[in-house]
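# Take a look and give me a structure for this.
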Amino acid sequence: MNLIIGIGNILLSDEGIGIHVLKELKKRNKILNTEFVDLGTSSLDLEYFIHEDTESMAVIDCLNTKKDKPGTIYKISVDDLKSKRNCEYSLHQLEFIDSINIILLLSKIPKTIIFGIEPFDMKTLSLNLSEPLREKFEAITKKIEKEIVAFFK
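This next block holds a predicted model:
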């Protein structure tokens, strides 16, 4: 069994991109033998979804580096996150890497890849993505889908 986790706050425009992509991937139904989980902003709940039979995990989230164009996709490993702990970007109030570290204290995590998507607007109260991300949404989703399928093999 594989696991795809969407993280984000869908009430704050692009902050919810991870959830929007997750829902679209689930709707397309092309990634088999996979559980799709909307984690919202509760990364501490991650451990409840990782089971003994979880082989691989993909995480999709907003990643605000303020360095690249909106819609840029970053492919990150858990080791990458650990080495960049002091960078300026954030994956929510409780850092996602903190959740991973807590899980590692108690058990182990499956093979994991993280996709961070550069936002345009994370402040506007809206259930909709910003125009720049809406325009790129299909391309973002296709690229992440392709990467996940290859990663899960």
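
# I5: neighbour count?
24 (other Cβ atoms under 10 Å). To be clear about C-beta, it is placed using only N, CA and C from the backbone, and glycine gets the same treatment.

# ok, now E52?
Counted with other Cβ under 10 Å, the neighbours of E52 add up to 7.

# Just say helix, strand or coil for it.
Put simply, E52 is coil when judged by DSSP: H, G, I helix; E, B strand; the rest coil.

# what do you get for K67?
Under three-state DSSP, K67 comes out as coil.

# Quick check: nearest residue in space to it, chain neighbours excluded?
Closest residue to K67 in three dimensions, ignoring its sequence neighbours and counting by Cβ to Cβ, 6 or more residues apart in numbering: E118, at 8.0 Å.

# Enumerate every residue touching the one you found.
63-65, 67-74 (Cβ atoms under 8 Å, 6 or more residues apart in numbering).

# Kindly indicate which of the residues you listed lies nearest E147.
Distance to E147, by Cβ to Cβ, is smallest for I73 among those, at 8.3 Å.

# Now do the contacts for the closest one.
I73 neighbours (Cβ under 8 Å, 6+ apart): 115-118, 140, 143-144.

# Out of these, flag the one nearest to F152.
I144 (12.1 Å).

# so that closest one makes contact with F115?
Yes. Counting by Cβ atoms under 8 Å, F115 is a contact partner of I144 at 5.3 Å.

# joint contacts of these two?
With Cβ under 8 Å, 6+ apart, I144 and F115 have common neighbours 21, 58, 60, 73.

# how about the CA coordinates for the host helix or strand of the second one, as PDB?
If you go by DSSP states H and E, A58 is part of strand 56-62. C-alpha atoms of strand 56-62 as PDB (Å, rounded to 0.1, in the frame of the first residue of the first chain):
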ATOM      1  CA  SER A  56       6.000   4.500  -0.100                       C
ATOM      2  CA  MET A  57       4.700   7.900   0.800                       C
ATOM      3  CA  ALA A  58       4.300  11.100  -1.300                       C
ATOM      4  CA  VAL A  59       3.500  14.400   0.400                       C
ATOM      5  CA  ILE A  60       2.200  17.500  -1.500                       C
ATOM      6  CA  ASP A  61       2.300  20.900   0.100                       C
ATOM      7  CA  CYS A  62       2.800  24.600  -0.500                       C
END
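
# could you say what helices and strands it packs with?
strand 2-7, helix 17-28, strand 111-117, helix 131-152 (3 or more Cβ pairs under 8 Å, 6 or more residues apart in numbering; DSSP states H and E).
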